[in-house]
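Let me see the structure of the following:
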Amino acid sequence: TSFFLAYDEKNCDYLDLDGSLKDAMDAGATVVSASFIIPYPPGFPILVPGQVISQEILAFMRALDVNEIHGYRPDLGLRVFTDEALTQLVDAKPKIKKLAQVAE
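As a prediction, this is how the structure comes out:
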């Protein structure tokens, strides 16, 4: 659900690693990734759409010394879901669960 929700740009925002993202997390906000974040090398995802970003992940990303980070835009920041999009996800969860039960 998170993956497809990210297709609509109005559900997403960008937060700078050293500025607005850190400030939001320090203030206790729940920040959720809207994209895959893959440092290269080695090429393994450290964030996926729908994953809550922890202080440890933020520290790891800030310390990365790699050639590229796929999914991260240095000019804009990290792509995250807006509060409104997260509310949509929470509201949709019971409906999705009910559909899954009907399908069984």
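
Going by C-alpha atoms from here, please, whenever you check contacts or count neighbours.
OK.

residue ranges with poor pLDDT in the chain?
93-104 (pLDDT under 70).

can you give me the strands for it?
Per DSSP state E, the chain carries strands over the ranges 12-15, 38-40, 68-70, 78-81.

So the residue nearest to the spatial centre of the chain versus L78, what's the distance?
When Cα atoms, centre = their mean is applied to the chain, the residue found nearest the centroid is S33 (0.1 Å). S33 sits 8 Å away from L78 when distances are taken as Cα to Cα, to the nearest Å.

so how many other residues sit close to R73?
13 (other Cα atoms under 10 Å).

distance of it from I46?
Distance, R73 to I46, using Cα to Cα: 15 Å.

in stretch 65-76, what counts as buried?
For stretch 65-76, burial by neighbour count (16 or more other Cα atoms under 10 Å) applies to 69, 71-72.

Tabulate those residues (TSV), appending distance to A63.
Formatted as TSV, those follow (distance: Cα to Cα, whole Å):
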residue	distance to A63
I69	12
G71	17
Y72	14
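
Specify which member of those residues is nearest to F4.
When the buried residues of stretch 65-76 are compared for distance to F4 (Cα to Cα), G71 comes out closest, at 15.6 Å.

Not counting residues beside it along the chain, what's closest to the closest one?
I37 (4.8 Å; Cα to Cα, 6 or more residues apart in numbering).

Who does that neighbour form a beta bridge with?
When assigned by DSSP bridges, I37 has beta-bridge partners L47.

Quick check, it in contact with Q51.
No. Contact criterion Cα atoms under 8 Å: I37 and Q51 do not qualify, at 10.7 Å.

More neighbours: those two, which one.
With neighbours defined as other Cα under 10 Å, I37 and Q51 compare such that I37 has more, 21 against 16.

where along the protein do the helices fall?
Remark: helices assigned in the chain by DSSP state H are 2-5, 20-26, 55-63, 83-103.
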